[in-house]
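**Student:** coordinates only, sequence not included:
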Ligand SMILES: Nc1ncnc2c1ncn2[C@@H]1O[C@H](COP(=O)(O)OP(=O)(O)OP(=O)(O)O)[C@@H](O)[C@H]1O
């Protein structure tokens, strides 16, 4: 079924574009011919009923599926402006993950100090200069809205932070390597409403420095945090457009049924 894609009248610059993207778990085709723009410094929400392929699609962007045998991509995801196809076999997935980082559903700090968690990616990249590391860790923790809470205990174990603080730490860790895109896979589903509110606020702030793709089950959250929304169903992109339009005047009945809770 062709997707209903409504492009904005004055589209912002493109950051990425999925073209004819299929994805297979072995013989099972989980994504079917997805074409979708991702706009720079905007938040794009992926919504749809359980099992429709939101996480599968998100994980294509940083080649997470490469970690398991039998998974296969067809089609492309081009990054702009350099037009690199992140799915192409000649492109190193480690390099892709430096450019496109991910924040998971459950906060997953390493069993290391707060400082070491944030410095990790920088050290993997070969940064050894202590002053540079300290400056970048501070900037990333500020970006993650956590600096004021942890600046006097950077050597404490990260796992001793609260759930909401741990998730902000994971965002700071993702920001530290200056990625171009951050992928969020239901980042607040393990958090209470207050911690959820602070993560949503943070997403609204970091989009000024990075492009965001977010999977969420929470319709209010999609409406609050995103600029664009993609509604997926059974591995297909059904509808894509500006979030206000998708929520206020969706073009497809399937989209309307889902967002009004009549389906899914
Ligand atoms: N590792 C896997 N091996 C085989 N099939 C898988 C695997 N992971 C997911 N799938 C299947 O791919 C389809 C899409 O799953 P995916 O997790 O992307 O959906 P989702 O929309 O993110 O769902 P949810 O909202 O429940 O997290 C589903 O039919 C699922 O059963």
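**Tutor:** Cool, the structure landed. Being a predicted model, the structure only gives us computed values, none of them experimental.
**Student:** for residue 8, what are its contacts?
**Tutor:** residue 242 (Cβ atoms under 8 Å, 6 or more residues apart in numbering). Heads up, the C-betas are built off the backbone N, CA and C, glycines and all.
**Student:** Do a quick rundown of the helices in this structure.
**Tutor:** Secondary structure of the chain by DSSP state H: the helices cover 54-60, 93-99, 114-124, 130-143, 147-150, 163-176, 193-206, 219-225, 243-248, 253-259.
**Student:** And the last one, what's buried?
**Tutor:** Right, the one you point to is helix 253-259. The neighbour-count check on helix 253-259 (16 or more other Cβ atoms under 10 Å) flags 254, 255, 256, 258, 259 as buried.
**Student:** What separation is there between the most centrally placed residue in the chain and the ligand?
**Tutor:** Centre of the chain computed as the mean C-alpha position; nearest residue by Cα atoms, centre = their mean is residue 183, 1.4 Å away. Summarising the geometry, the distance separating residue 183 from the ligand, computed by Cβ to the nearest ligand atom, to the nearest Å, is 12 Å.
**Student:** Just give the nearest non-adjacent residue to that residue, would you?
**Tutor:** residue 102 (4.4 Å; Cβ to Cβ, 6 or more residues apart in numbering).
**Student:** wouldn't that neighbour be in contact with residue 63 here?
**Tutor:** No. The pair formed by residue 102 and residue 63 falls short of the contact definition of Cβ atoms under 8 Å, at 10.6 Å.
**Student:** Would you mind naming what in this structure lies close to the ligand?
**Tutor:** If contacts are counted using Cβ under 6 Å from any ligand atom, the residues of the chain sitting beside the ligand are 25, 28, 30, 48, 50, 51, 52, 53, 54, 55, 56.
**Student:** Just the ones of those residues in strands?
**Tutor:** Residues from the residues of the chain next to the ligand lying in strands, with DSSP state E as the criterion: 25, 28, 30.
**Student:** wait, what's in contact with residue 35?
**Tutor:** For residue 35, the contacting residues are 3, 5, 17, 18, 19, 20, 21, 237, taking Cβ under 8 Å, 6+ apart as the criterion.
**Student:** For residue 40, state which of the residues of the chain next to the ligand is nearest.
**Tutor:** Sorting those by distance to residue 40 puts residue 54 at the head of the list, at 21.3 Å, by Cβ to Cβ.
**Student:** What pLDDT is listed against that closest one?
**Tutor:** According to the prediction, residue 54 has pLDDT 98.
**Student:** Quick one: buried ones out of the residues of the chain next to the ligand?
**Tutor:** The neighbour-count test (16+ other Cβ under 10 Å) applied to the residues of the chain next to the ligand identifies 30, 48, 52, 53, 54, 55, 56 as buried.
**Student:** how near is the residue nearest to the second one when sequence neighbours are not counted to residue 192?
**Tutor:** Beyond its immediate neighbours in the sequence, the residue positioned closest to residue 48 (Cβ to Cβ, 6+ apart) is residue 232, lying 3.7 Å away. Distance from residue 232 to residue 192, counting by Cβ to Cβ, to the nearest Å: 28 Å.
**Student:** and if you look at residue 28?
**Tutor:** Note on residue 28: its distance to residue 192, by Cβ to Cβ, is 36 Å.
**Student:** Thanks again, I'm all set now.
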